[in-house]
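*Asks:* Here is a sequence with its predicted model. Questions after.
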Amino acid sequence: MGLWGTGAMAADDVTLQLKWVTQAQFAGYYVALDKGFYEEEDLNVTIKPGGPDIAPTQVLAGGGADVTVDWMPAALAAREKGLPMVNIAQPFKSSGMMLTCRKDAGVTSVEDFPGKTLGVWFFGNEFPFLSWMSQLGLSTDGGEGGVTVLKQGFNVDPLLQNQAACVSTMTYNEYWQVIDAGLTPEDLQVFKYEDQGVATLEDGLYVLEENLNDPTFEDKMVRFVRASMKGWKYAEENPDEAADIVLENDASGAQTEKHQQRMMREVAKLTAGSNGALDEADYDRTVKSLLSGGSDPVISKEPEGAWTHVITDKALN
């Protein structure tokens, strides 16, 4: 019995901090948990939802999680400020970020931006937007010939209430909130960051650099990434089932089946083409976009050591 008791407790604990609340954006991790993929790797994984008051970088810095889901602009900005975050895997291949505008507010092309009020998310999500405006040569201080930035909450109210000509949306979430509120795709002009050449890498997995020096931690992350990517590929192939698993894990009860199923189908387009390993060309494009922020770039110099293939090489081969 003593031996059995020891074996039963052998699973290694891993805590994952999500970037946002429980939703299909993170389906791969919930699927891996539900389907026993983590258990198969001898892992006991705790998934901590995020929210408007939770900064993944701070949770990681404070030791509240072993690994976190974050966007690369926020991670690289944090790294330059002294928090050595390292990307160990990149489940999202494409960016889902968009600026969604009302045509009746006079926006049908980027040439229409000057003089307009644009809704922007902050808490690290503003970096791609500021980089894009800089590349367009538009000031963001509300001055003549530039744009006025409205600090947008995590909803689309400013667009619906005509407080802004455009708001930040994700292909898999807020865009559909606009549609559900009664506007039609024909009413809207959408600018995908991917199409504008300013897309930056979104949901990646990050750990603290110092932890990678510990072989035990590295081994845990290899198993964690392998099981997580198995979860992601299952979610891509079984979107409705994945959405149901997410709903079962939504303690808030705020999500609906229709919205999560739609979200999962859109998220599957962003994870498609990724086996979990970071594509260096995607990384280089992200860095280039962040460095081109004019007088106030997101990062001031080329990062060093901000990513590693060590984990995915072992996890996927």
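*Replies:* Structure's in. What do you need?

*Asks:* going forward, measure contacts between C-alpha atoms and count neighbours the same way
*Replies:* Will do.

*Asks:* So the spatially most central residue of the chain versus residue 115, what's the distance?
*Replies:* The centre of the chain sits closest to residue 203, judged by C-alpha atoms, centre = their mean, with a distance of 3.2 Å. Distance of residue 203 to residue 115, given as C-alpha to C-alpha, to the nearest Å: 32 Å.

*Asks:* so what secondary structure elements neighbour the top helix by length along the chain?
*Replies:* Looking across the chain with DSSP state H, the single longest helix is helix 215-237. Using 3 or more C-alpha pairs under 8 Å, 6 or more residues apart in numbering; DSSP states H and E, the elements in contact with helix 215-237 are helix 27-34, helix 37-40, strand 43-48, helix 239-248, helix 257-271, helix 310-316.

*Asks:* Okay, buried residues for the second one please.
*Replies:* Residues 37-39 are the ones in helix 37-40 that count as buried (16 or more other C-alpha atoms under 10 Å).

*Asks:* if we can go back for a sec, could you give the angle of the longest helix of the chain to helix 27-34?
*Replies:* Interaxial angle, helix 215-237 versus helix 27-34 (axes from the mean of the first three to the mean of the last three C-alpha atoms, to 10 degrees): 110 degrees.

*Asks:* what angle separates helix 215-237 from strand 43-48?
*Replies:* Using the same axes, to 10 degrees: helix 215-237 against strand 43-48 is 70 degrees.

*Asks:* How about residues contacting helix 215-237?
*Replies:* Residues from elsewhere that reach helix 215-237, judged by C-alpha atoms under 8 Å, 6 or more residues apart in numbering: 12, 14, 27-32, 35, 37-38, 41, 43, 89, 91, 211-212, 241-242, 264-265, 268, 271-272, 275-276, 311-312, 314-316.

*Asks:* Heading C-terminal from the helix-or-strand element of the chain with minimal mean pLDDT, find the next helix or strand.
*Replies:* Lowest on mean pLDDT, DSSP states H and E among the helices and strands of the chain sits helix 2-8, with a mean of 47. Per DSSP states H and E, helix 2-8 leads on to strand 12-17 as the next helix or strand towards the C-terminus.

*Asks:* Can you get me the centre-to-centre distance for that next one and its chain?
*Replies:* Centre-to-centre, strand 12-17 and its host chain are 18 Å apart (C-alpha atoms, centre = their mean, to the nearest Å).

*Asks:* which of the residues in it are buried?
*Replies:* By neighbour count on 16+ other C-alpha under 10 Å, the buried set for strand 12-17 is 14-17.

*Asks:* For that strand, name the packing helices and strands.
*Replies:* strand 43-48, helix 56-61, strand 67-70.

*Asks:* Quickly run through the sheet partners of it, with directions.
*Replies:* The strands beside strand 12-17 in its sheet (DSSP bridges) come out as strand 43-48 (parallel), strand 67-70 (parallel).

*Asks:* most packed of those strands?
*Replies:* Across the strands paired with strand 12-17, averaging neighbours per residue (mean count of other C-alpha atoms under 10 Å) puts strand 67-70 on top, at a mean of 26.

*Asks:* And the contacts of it?
*Replies:* With C-alpha under 8 Å, 6+ apart, strand 67-70 has contacts from 14-19, 56-57, 60, 202-208.
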